[in-house]
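Undergrad: Okay, here's the prediction I keep looking at, along with the sequence it came from:
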Amino acid sequence: MLKKYFRRLESIIALGQSLMTPKQFIFLSSVLIGVSCSLAVIVLKTFAHSVFSFATYINGILKLSFINSILPIIGIVLTVFVVKRVLNGSIEKGTSQILYAVAKKASIIPKKQMYAQIVTSSLTVGLGGSAGLESPIVITGAAFGSNFAQNFKLPYKDRTLLIGCGVAAGISAAFNAPIAGVLFAIEVLLVDVSISAFTPIMISAATGALVSAIVLDETILLSFKKQEAFNYHNIPFYVLLGIVTGFMAVYYARNFQKVEHYFSHLKVGPYRKALIGSSLLALLIFIFPTLFGEGYESIKTLSESDPGKLLDNTLFADFRDNQWVLLLFVGCTMMVKVFASGLTLGSGGNGGNFAPSLFLGSYLGYFFAKFISMIGLSKLPISNFTMVGMAGILSGLFHAPLTAIFLIAEITGGYSLMIPLMIVSSISFAISKRFEKYSLDVKGLAKKGHAFTSNKDSNILSTLDIDTIIQCDYLTVHPEENLSKLVDLISHSNQVVFAVVDNEKDLVGIVHFNDIREIIFNSYRVKYTLIKDVMKTPAATISSEDSMEIVMSKFEKSKSAFLPVLRNDKYFGFISKSIALEAYRTKLRSMTIE
């Protein structure tokens, strides 16, 4: 019945496509994708919030977080079961796969990502895994956009644009923050879009936010009402907070990867790995219950008038009115959050680092402001620093300062904190960028040689395949042959450069037509001059394993128009600089979203 309904809907959309211009159909598509993504957000957020409320209710009766500790074990084990039995044993995690799909797979994202992320992340995070739902939401939105475009046979540029629409709608619906959704899609994923491409992305983000705001209970969304006026006298402290959040972002990124690396090399079965990781996570949650799930409820509590509620139903409940104990609890929770998230994802759970970055930032901002106030150095607005700290960590961890600034501005219901948000986010980004070249999600791609950065040239070059521009049909000569052989080859081909190879196919030199132009018109010299006497050592050689960025760098340094290519240390062919540049220009045109 449901399948029949979708087929009918698909027929109606196809009819609309036939009656509309391509641009009009893109606008319609952006609305439909926005609605689809917001519905996925509603399902995930409602489920996660319901489980949290249930666990809080039970723990209120038991007076300790027993349920909080048990549920994540169940959730991670169930996630592993679904991955093995339903999803063919694997699932891609992190938003980096969207970048890879856009660059290397013509913006084709598998259909299973339309439901795989929702199912697995709801089990992991919904049942208390210490991770976020935003990354799975973003991947789901991108999958909606890609598969919608594939279904209606849209070209690469439109597929990529609709992926951006799905990403923007997902973030927008998750936080009711349409501007942040648009900026995240452009700043983190689609680094090269024209102004005209903003319109469908904005439409999709606005649609996602609208549907989410209408359907979702406001208490489920991360939002803040309490904030104090900005005081310019606190600027030095905001600068200091920016520095601290920058280094904390580096701390999180490096330790998260250490935990993931440890579990990826753990020589045990997936279920045993899940039990080991989730059991350690359960222990951390028992000691620090606020590590349960996304942690958004505790972020709200920190910004309110009674943050001591964080200690309710914990081992430290008797000290809920002791400010130093509360501060120590917040500080310890802040430091172990990275290990809780690493255990969640490394042991087989699915989720993202978006929510953990906000969690860590709020706790760090609170700790910073509260500590400064308690030692009497200055009376700081704690709620403001709690919120601004989130922008600092988000900016440093994802290298996305604009997204961080406008996300926090939107969820706080105004722009009164714009100046401190800009200060903290920019400083944190600069420090994190200094120590971590790539953002947390992109770092995995970089290790595999698929680095994507804000440098457009590097991004485009990284997507080019060197094998497509190597010319393997170039004629070669032997060093002991005389120039008459070379003259004969020149007269019967368009080549201007020849590789000189020995009997073992080793490259011993090259001969360029311009270097022998004067000789070839002298028949005596042609007959008695050997090729080895006129050949030159190439200014540089290219390995068939080199990236295109390395290839272009060698062309730039050598000032050569042709460079020989070696494969397994044997001569393989030539690359022409003009052909490489033409491939770059062609790719640039295909990747520019208009």
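TA: That came through, no problem.
Undergrad: low pLDDT regions in this structure?
TA: Where the chain drops to pLDDT under 70, the residues are 1-3, 59, 62-65, 190-196, 225-227, 414, 445-463, 588-594.
Undergrad: what residue of it is the furthest out?
TA: Here the chain reaches farthest from its C-alpha mean at residue 524, the gap being 65.3 Å by CA atoms, centre = their mean.
Undergrad: What strand or helix carries that residue?
TA: Using DSSP states H and E, residue 524 sits in helix 523-528.
Undergrad: Which residues outside that helix are in contact with it?
TA: For helix 523-528, contacts defined as CB atoms under 8 Å, 6 or more residues apart in numbering pick out 482-484, 487, 519-520. Using the backbone N, CA and C atoms, a C-beta is placed for each residue, glycine as well.
Undergrad: measure the residue farthest from the centre of the chain to residue 83 for me?
TA: From residue 524 across to residue 83, the span is 76 Å (CB to CB, to the nearest Å).
Undergrad: So in the chain, which helix runs the longest?
TA: helix 22-62 (DSSP state H).
Undergrad: Name the next helix or strand following it along the chain.
TA: Later in the chain than helix 22-62, the nearest helix or strand by DSSP H and E is helix 66-85.
Undergrad: which strands and helices sit next to the helix or strand following that next one?
TA: Next in sequence after helix 66-85, counting helices and strands by DSSP H and E, comes helix 96-104. Packing contacts for helix 96-104, counted by 3 or more CB pairs under 8 Å, 6 or more residues apart in numbering; DSSP states H and E, involve helix 134-151, helix 156-175, helix 440-447, helix 456-463.
Undergrad: Quick check: of the contacts of helix 523-528, which has the highest neighbour count?
TA: Counting neighbours by other CB atoms under 10 Å, residue 483 comes out on top of the contacts of helix 523-528 with 24 neighbours.
Undergrad: Dihedrals phi and psi, it?
TA: Residue 483 adopts backbone torsions of phi -70, psi -20, taken as degrees, to the nearest 10.
Undergrad: Quick check: chain neighbours aside, which residue is closest to it?
TA: Among residues not flanking residue 483 along the chain, residue 526 sits closest, at 4.4 Å (CB to CB, 6 or more residues apart in numbering).
Undergrad: Kindly report the same for residue 507.
TA: In this structure, residue 507 finds its nearest non-sequential neighbour in residue 571, 4.3 Å apart by CB to CB, 6+ apart.
Undergrad: isn't the one you found right up against residue 498?
TA: No. Using CB atoms under 8 Å, residue 571 is not in contact with residue 498, being 10.9 Å away.
Undergrad: Which of the two has more residues huddled nearby?
TA: Remark: of residue 571 and residue 498, residue 498 carries more neighbours, 26 against 23, as counted by other CB under 10 Å.
Undergrad: for the more buried one, helix, strand, or coil?
TA: Under DSSP: H, G, I helix; E, B strand; the rest coil, the three-state class of residue 498 is strand.
Undergrad: Now do the contacts for the nearest residue to it once chain neighbours are set aside.
TA: Distances taken as CB to CB, 6+ apart put residue 511 closest to residue 498, at 4.9 Å, once the chain neighbours are dropped. By CB under 8 Å, 6+ apart, the contact set of residue 511 is 477, 486, 497-498, 500, 531, 534-536.
Undergrad: so how far is the helix or strand harbouring residue 511 from its chain's centroid?
TA: Residue 511 is part of strand 507-512 when elements are defined by DSSP H and E. Taking CA atoms, centre = their mean, to the nearest Å, one finds strand 507-512 lying 44 Å from the centre of the chain it belongs to.
Undergrad: Next, the residue nearest to residue 482 when sequence neighbours are not counted: phi, psi?
TA: Once flanking residues are discounted, residue 482 sits nearest to residue 530: 5.6 Å by CB to CB, 6+ apart. With angles defined as degrees, to the nearest 10, residue 530 sits at phi -90, psi 150.
Undergrad: Would you agree residue 530 is in contact with residue 485?
TA: No. The criterion here is CB under 8 Å, and residue 530 misses it with residue 485 at 10.1 Å.
Undergrad: Give me the secondary structure label for residue 538.
TA: Residue 538 ends up coil, using three-state DSSP.
Undergrad: how near is it to residue 481?
TA: Here the criterion is CB to CB. By it, residue 538 lies 19 Å from residue 481.
Undergrad: And for residue 123?
TA: Relative to residue 481, residue 123 is positioned 70 Å away (CB to CB).
Undergrad: With neighbour numbers in mind, choose between the two.
TA: Remark: of residue 123 and residue 481, residue 123 carries more neighbours, 23 against 13, as counted by other CB under 10 Å.
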